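Asker: got a predicted structure here, sequence first:
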Amino acid sequence: METDPQIDAALRRGRGAATNRTNRFERLVQVGIDDGWGRDEDLPPVRTEVSVEVPRKVISRNSSPDLHFDRSINPYRGCEHGCIYCFARPSHAYLGLSPGLDFETRLIARPDAPALLRKELRAKRYVPRVIAIGTNTDPYQPLEKTHKIMRGLLEVLAEHRHPVAIVTKGTLIERDLDVLADLAADGLVRVGISVTTLQRDVARKAEPRVPSPARRLKTIERLAAAGVEVRLMASPMIPGLTDHELEAMLEAGRDAGALCASVTPLRLPREVSPLFQDWLAEHFPDRAKRVMALVREMHGGQDYDANFGSRMTGTGTYAALIQQRYRKACKRLGLAEKLPPLRSDLFKVPARAGDQLSLF
């Protein structure tokens, strides 16, 4: 099967993917062709479209041994940040959409999420544990500025004194410093800020709608000043392109106020691999073969290794070297690899009108 031709760069300006590859579940592939009538000249630029989903519940559960949480919330499907390496891109295939440009332009908001969360937290059998937000798509992507779903979720969690761990590249999180500081005062929140590179030009190409690396470091500084525990996430490490920056990224995060750090090598599941390779060929053709050779070395000779225990760290000499550099740098810089667990003992269900009040 032939791959999709690249969409004209002028039409996809500010986007990460170069194509809109058909998802893995479709039997037929649609491709654009030049019929000689100048059709391409009339095509409009790729625009962001937003639709609304009304889910039955908002807390998702998982039993993965590689993850430190068993529940998460995703306020949005798809992500306008457009990170070319995003491991969540294949999830758009379940919606009948492409993990390519569709993932970053055909977005889905879940405005009822805060109300559904409140309902789920009130369930008699609910047992509080850390809820992770931002583990699939970014809760502080540009869409949040108008929809404010993440703000609503945080307010519900604060009402219930429920622990939450957030991962983001979005500086919009600073808008919610009031709620985050309140949660942080009781040991109920932790934030991970992802910094993939300190090179502004590389970041602009790989993460076209993400705030600059310097701006993200400023966000770490502001969160730390508000008393929020912050993790610098040097992820993903792209071998042969950004991995030489590991120590510098960790030091920059430490200087900005991060207390701990983590590192994860590049992961290219399913449709992400051809999308990423298209991106390499367009932006870094001189390094494309070396980057992919190192990626495969870290994943058992394949573009991706989905096995538990190795998919998040990689295997082989090169992956081991990155882990050794990471641990040595953390020790030198005073960065922790882990922090004490967030509190779950403060959880409470606020009284509402009509509830039977306690006598004590």
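Answerer: Here it is on my side, so go on.

Asker: and for residue 151, the neighbour number?
Answerer: Other residues near residue 151 come to 17 when the count uses other Cβ atoms under 10 Å. (Glycine included, C-beta is placed from N, CA and C.)

Asker: where does the stretch 51-200 of the chain have low pLDDT?
Answerer: Counting by pLDDT under 70, the stretch 51-200 of the chain contains no low-confidence residues.

Asker: which residues of it fall in helices?
Answerer: 101-105, 113-121, 144-147, 149-160, 177-185, 200-206 (DSSP state H, counting those that start in this stretch).

Asker: determine how far the fourth one lies from the middle of the whole chain.
Answerer: To tie it back to what came earlier, the one meant is helix 149-160. Offset of helix 149-160 from its chain centre (Cα atoms, centre = their mean, to the nearest Å): 19 Å.

Asker: swap in stretch 244-257?
Answerer: Counting by Cα atoms, centre = their mean, stretch 244-257 is centred 19 Å from the centre of its parent chain.

Asker: mean confidence for the top strand by length along the chain?
Answerer: Using DSSP state E to define each element, the chain has its longest strand at strand 229-237. Averaged over strand 229-237, pLDDT sits at 97.

Asker: now the angle from that strand to helix 177-185?
Answerer: Using axes from the mean of the first three to the mean of the last three Cα atoms, to 10 degrees, the direction of strand 229-237 lies 100 degrees away from that of helix 177-185.

Asker: and strand 229-237, what other elements does it pack with?
Answerer: strand 189-194, helix 213-225, helix 246-256, strand 260-265 (3 or more Cβ pairs under 8 Å, 6 or more residues apart in numbering; DSSP states H and E).

Asker: how about 10 Å then?
Answerer: Contacts defined by 3 or more Cβ pairs under 10 Å, 6 or more residues apart in numbering; DSSP states H and E place strand 229-237 against strand 164-168, strand 189-194, helix 213-225, helix 246-256, strand 260-265, helix 316-333.

Asker: okay if I get these as a markdown table plus mean neighbour count?
Answerer: Listed next are the helices and strands packed on strand 229-237 as a markdown table, based on neighbours: other Cβ atoms under 10 Å:
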| stretch | mean neighbour count |
| --- | --- |
| strand 164-168 | 23 |
| strand 189-194 | 24 |
| helix 213-225 | 18 |
| helix 246-256 | 19 |
| strand 260-265 | 22 |
| helix 316-333 | 15 |
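
Asker: tell me how many other residues surround residue 266.
Answerer: Using other Cβ under 10 Å, residue 266 has 27 other residues around it.

Asker: okay, the longest strand of the chain in CSV with CA atoms only?
Answerer: Output of strand 229-237 as CSV, limited to C-alpha atoms (Å, rounded to 0.1, in the frame of the first residue of the first chain):
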residue,chain,number,x,y,z
GLU,A,229,5.8,20.2,43.4
VAL,A,230,7.1,20.1,39.9
ARG,A,231,8.8,17.3,37.9
LEU,A,232,10.9,18.1,34.9
MET,A,233,10.1,15.5,32.3
ALA,A,234,12.9,15.2,29.7
SER,A,235,10.6,13.3,27.4
PRO,A,236,10.7,12.0,24.8
MET,A,237,14.5,11.7,24.3
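
Asker: ok so, going back, distance to residue 50 for the helices and strands packed on strand 229-237 - can I get that in JSON lines?
Answerer: Output for the helices and strands packed on strand 229-237, formatted as JSON lines (distance: least, Cβ to Cβ, whole Å):
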{"stretch": "strand 164-168", "distance to residue 50": "19"}
{"stretch": "strand 189-194", "distance to residue 50": "23"}
{"stretch": "helix 213-225", "distance to residue 50": "24"}
{"stretch": "helix 246-256", "distance to residue 50": "32"}
{"stretch": "strand 260-265", "distance to residue 50": "29"}
{"stretch": "helix 316-333", "distance to residue 50": "38"}
